[in-house]
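Undergrad: from the sequence below, what's the structure:
(3 chains)
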Amino acid sequence: MSPIPAPPVVLGPLLPSLIVVGTAIVVLLLDLLPPRASKAHLGTVALAGLVGALLATLRTWGSGGRAFHDMIVLDDYALFFHIVICYAAALIVLLSMDYLRRAGAESGEGYGLILFSTAGMMVLASANDLIVVFLAIELMSLSLYVLAGLFKRRREAGEASMKYFLLGVFASAFLLYGIALVYGATGTTNFDRIVVAVGAGPRDRLFLIGLGMLMVGFGFKISSVPFHMWAPDVYQGAPTSVTALIATGSKAAVFAALIRLLVAGLRTIQPDSTALLWALAALTMTVGNVVAIAQSNLKRMLAYSSIAHVGYMLVGLVAGGAPGAGAVLFYLLAYTFTTVGTFGVIALCERAGQEAVEVRDYAGLGRRHPLLALTLGLFLLSLIGIPPLAGFVGKFYLFGSAVRAGYVWLAVIAVLNSAVAAYYYLRVIVYMYMQEPEAASASLAPSFAGGLALAIALIGIVLLGVMPAPFADLAQAAVAPLIR
Amino acid sequence: MALAAFLLIAAVALVSALGLILKRNAVHGALFLVVNLGSIAALYLMLGAEFLAAAQVIIYAGAIMVLFVFAIMVLIPGKEETGPDPRRSYRLLAAPLGALLLFELAVALAARRGAPGAATAPAGSVEAIGRLLFTDFLFPFELTSVLLLAAMVGVLLLARRRA
Amino acid sequence: MTEYGTMLMVFAFAAVVAGALLGLPRLLAPRRLTPVKAEPFECGKDPLGIAEGRFAIKFATVAIFFIIIDIELLFVWPWAMLYRRLGWFGFIEMMVFMAILMVGFLYIWRKGGLEWE
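TA: Predicted coordinates for the structure are as follows:
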C-alpha cells in the first residue's frame, strides 16, 4: 500500500482557459440569483470574463509553458489562437446581448454555454495530446449543438440542432476511432511521442488509417468538402450570433490542433498527406463557391462562403512549413474579424419583426441606413479580398506561400475561385445600393453593444489591411518555434 | 476453457446483435441490445479490462439503455411511421464501404505481425486505471467534469418547455 | 480469469432457475385460458390502458440527468479504491471534480429541472 506521489500541478499555462471556465460557472450561479426578469447583467459578466482572459493571454505572451505531462502547451502559437478565439467570443457576446433579448431567448444558460464552448476552443488550441483534443472538441461541440437550437420556437432551430448533433457525434466517433488506432500503432496519445514513434519506426498502415480517421473528424469540424453537408442548415437555423461562433471560433480552434499535429508534428509523412490535402483544398473551395452562387438566403450563402474560405486555408496547409502555417494563422485572424462582422450586421437587421436573412431583404439598404450598408459592404469586400482590407492581405500571404512552395496550380485554382466568389458577394452590394427598397425591407434594430462589436470588427479588418506587417510577423513568430 | 468461454460469449453477442437488427418491435430490440452490451462486457473481462467492463455495464447496459427504452416509449412502439425508406439506395453503398474498411484493417493488422513498436497495454484493473486517471491523466479527468457540467446545462436548456 | 468462474456459476444458476420457472409450468400445468386470466396483471385491479402506452417525455429528461450522474459515479469508484494511497492530493482532486458537477446539480435543481410540472 505505498502512497501514490502527487503529480506536479502547474496551473499557469491554463490561466486564460481557467478564467473562461470560472466565468462560466459564475454566470451560472448568478443566473440563480435575482433579478430573474432580465439577464442582461450576465452578458456583461461573460464579456468581462472574456476580456480578462484576453488580458491574461496578452500578459503571458512569450512566457508560456507546459503542464500536466505535456498535455497542455501554452506557447506563442496557442496564445495567438487564444487571442483570435477570445476576440471572436467577446464580439459574439456583445452581438448576442441585444439580439437574444429581441428574440426572447436571453438566458443564463446561453451565456454559460458560449463560455464553455470558448473554453473548449482555447484548450483545443493548446492541446498536445489526443485525449485532450477529443475532450476539448466535445466541450466545444456539445455547447454549440445546444446553442444552435437556442430559438426553440422556430422549426429550423430544431433541425439545425439535431443535424449538427447527429453528424457531429458521428464525426466524433471517427475521431475517437482514429485516436484508438493511432494509440494502437504508436503506444501513446501525446503529440511529441507520436512524432518520435512515427519517425523511428517503419511507415505503419494502422497508423495511417488512424490518421485518416482523425482527418475525417477534423474535416467535419471545419466543414471541408465531403464533410460539409451540415453547415448550410446549421448556419441557417442557429441564432445568427451563434452561427458566427460556429463559423469562426470553432474552425480556428480545430485548425490549431490540425496544424500542430500535421504541419508541425508529422512533417515526416508530409508526402503522403499533401496530395490528399491538395485535393481537399481544391474541392472545398470550388464546391463552396459554386454552390454559394445559387443561394438566395444570406446565411446559407455565407455558410457556403465559409466552406470556401476553409478551402483557402487548406491551401496554406498544403504549402506547409512555417510560411504556410503562418499564412493560415494570419488568414484566420482576418477571416474571424470579417465573418463576425458580416453575421453581426445580419443580427442587427430585421424585417417585419423577423430576422432579415434573404438577400432581397437588403434591397435599398444603402439609401435607408447608409452607415450599416457601408459596414456590410466593407465586410463583403474583405471576404472577396479587395485591397486594402484584411481579406486581401490574408489571401495574398496564403496564395503566395503556395506559389513559393511550388504549388502553382493550386494557387491558380484559388485565385479563380476568388473571382467566382466576387460574383455572389457583389450581388448583395448591388442589392443594397442599386435596387429599389421593397415595402418591407430590412430595417435596423438599434443596439449599442452590437454597434460596438461591429465597430471593433471594422477597425480590425481595416487595420489588418492597411498595416498587416506587425500582425503577419506575429503569426510567423508564433509558428516559428513550432516548425524549426 | 478460455476458448470455450470466448466462443459462448461471442455467440451470445452475435445472436443478440442480430436480434437487435431483425426485431420489428423496438422494445424487444432494446432488450436484445442489453444482452449484447452485457456480453461485450464479459469479453472486456476476459481481456482483463475490469474497469471497462464495469463501465460497460453501469453506463451502457444501465443508464443509456434506460434512456433508450424511455425514448422508445415516448414514440408508441410498433405504431411509428413505416413505409419504404426514401434513401434505400444508400444502403447498397454501406456494404461495399464497410467491406473496404474491414479489408483495410485486416491488411493493416496482417502487416503488423511481429512489427516493433506495438503498444504495451496497461493493466485494466480498477486500481491501475485509477492510478493513471489521478496522476498522469489528471487534466483530462478534471476537463471531463466541465464537459459534464456543460452537458447538464445544455440538457436543461433544451428540455425546459419555455425559454 | 478464474475468479470470474464463481460469477459464471451464478449466471448459470440464474439461467437454470429462470428456465425452470418458465419451462416447468408449460410442461406440467394444465392450461385453461379465461378472459380474466388473459388480461395484463396490474396488482389485481382492472387495467387502465394498453401496456404499450405513451410515456411522458419528462422521463427521458430525468434519464439523461441520470446518465450524467452515473458517469460521474464511475469515476468515484477507482478513486475510492485508491483513497488511502492517493492521500490529500487525491481528496482535493475529487473535491474539485465533484464541486464542478455540484454546480450543475444546483443549477438543475434551482432552475426546476427536477420538478415534474
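Undergrad: leaving out chain neighbours, which residue sits closest to residue 111?
TA: All of this refers to chain A. Once flanking residues are discounted, residue A:111 sits nearest to residue A:46: 4.4 Å by CB to CB, 6 or more residues apart in numbering or on different chains. No exception for glycine: its C-beta is placed from N, CA and C like everyone else's.
Undergrad: I was after chain B.
TA: residue A:205 (5.5 Å).
Undergrad: for the one you found, give me its contacts.
TA: By CB atoms under 8 Å, 6 or more residues apart in numbering or on different chains, the contact set of residue A:205 is B:104, B:107-108, B:111-112.
Undergrad: relative to residue A:296, which of those is nearest.
TA: Lowest distance from residue A:296 to the contacts of residue A:205 (CB to CB) belongs to residue B:104, with 42.3 Å.
Undergrad: contacts for the helix or strand hosting that closest one, please.
TA: Assigned by DSSP states H and E, residue B:104 falls within helix B:88-111. Outside helix B:88-111, the residues that touch it by CB under 8 Å, 6+ apart are A:204-206, A:208-209, B:85.
Undergrad: okay, now residue A:259: neighbour count?
TA: By other CB atoms under 10 Å in any protein chain shown, the residues close to residue A:259 number 26.
Undergrad: actually, residue C:84.
TA: Neighbourhood size, residue C:84 [other CB under 10 Å]: 10.
Undergrad: dihedrals phi and psi, it?
TA: phi -70, psi -40 (degrees, to the nearest 10).
Undergrad: residue A:127 now?
TA: With angles defined as degrees, to the nearest 10, residue A:127 sits at phi -70, psi 140.
Undergrad: pLDDT value on the nearest residue to it once chain neighbours are set aside, please?
TA: Spatial nearest neighbour of residue A:127, chain neighbours left out: residue A:133 (4.7 Å); criterion: CB to CB, 6+ apart. Looking at residue A:133, its pLDDT reads 95.
Undergrad: for residue A:33, same thing?
TA: Looking at residue A:33, the pLDDT reads 85.
Undergrad: ok, now residue B:149?
TA: Confidence score, pLDDT, at residue B:149: 94.
Undergrad: with residue B:85 instead?
TA: In this model, residue B:85 carries a pLDDT of 68.
Undergrad: how many neighbours does the residue in the stretch 301-450 of chain A positioned nearest to chain C have?
TA: Nearest residue of the stretch 301-450 of chain A to chain C: residue A:449, at 25.5 Å (CB to the nearest CB). Number of residues near residue A:449 (other CB under 10 Å) recorded here: 19.
Undergrad: tell me which parts of chain C are close to chain A?
TA: C:82, C:84-87, C:89-90, C:100, C:103-104, C:106-107, C:110-111 (CB under 8 Å from any CB of the partner chain).
Undergrad: would you list these in TSV and tack on secondary structure?
TA: Shown next, in TSV, are the residues of chain C next to chain A (DSSP: H, G, I helix; E, B strand; the rest coil):
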residue	secondary structure
C:82	coil
C:84	helix
C:85	helix
C:86	helix
C:87	helix
C:89	helix
C:90	helix
C:100	helix
C:103	helix
C:104	helix
C:106	helix
C:107	helix
C:110	helix
C:111	coil
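Undergrad: between those, which is nearest chain A?
TA: residue C:89 (3.6 Å).
Undergrad: need the contact list for residue A:403.
TA: residue A:411.
Undergrad: and it, what element?
TA: With DSSP H and E as the criterion, residue A:403 is inside helix A:390-404.
Undergrad: right, and the helix or strand after that helix?
TA: Criterion used, DSSP H and E; the element after helix A:390-404 is helix A:408-434.
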